[in-house]
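Undergrad: I'll drop the sequence and a predicted model, then ask my questions.
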Amino acid sequence: MKEAAIREFLSKVDWSKNWSYQVLENEMKSFLGERPTLDIKYQKDVSINENTQETIEIQKLVSVSVIFTDDKDKIKKLEFLID
């Protein structure tokens, strides 16, 4: 039941816009009855302009994991890949 609620909630998040770790955590707390732990993974890359020698740092969200307890008080981890 909690897994389905988490999947539905995260499917509605627009990851390309500004989002907040704290807002996600607080909103999930309201329907889970506990504060979940979120593990956010980024991929980092650097691009170099050969003409100007300027570097640009590029960060891309790769995945979001939610750690929570299920209905039987067992710790579960759901990982969602973001593209």
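TA: Perfect, thanks for sending it.
Undergrad: what does the helix ranked longest in the chain contact?
TA: When the chain is parsed with DSSP state H, its longest helix is helix 21-32. For helix 21-32, the external contacting residues (Cβ atoms under 8 Å, 6 or more residues apart in numbering) are 2, 5-6, 9, 13, 35-36, 38, 40, 66, 68. C-beta here means a position set from N, CA and C on the backbone, and glycine is covered the same way.
Undergrad: residues contacting the residue nearest the centre of the chain?
TA: By Cα atoms, centre = their mean, the chain has its centre lying nearest to Val64, at 3.1 Å. Neighbouring residues of Val64 by Cβ under 8 Å, 6+ apart: 10, 38-41, 79-80, 82.
Undergrad: Lowest-confidence entry in those?
TA: Among these, Ile82 carries the lowest pLDDT, at 89.
Undergrad: Pull up the gap between it and Ser16, please.
TA: 9 Å (Cβ to Cβ, to the nearest Å).
Undergrad: more neighbours, those two?
TA: Ile82 (15 against 8; other Cβ atoms under 10 Å).
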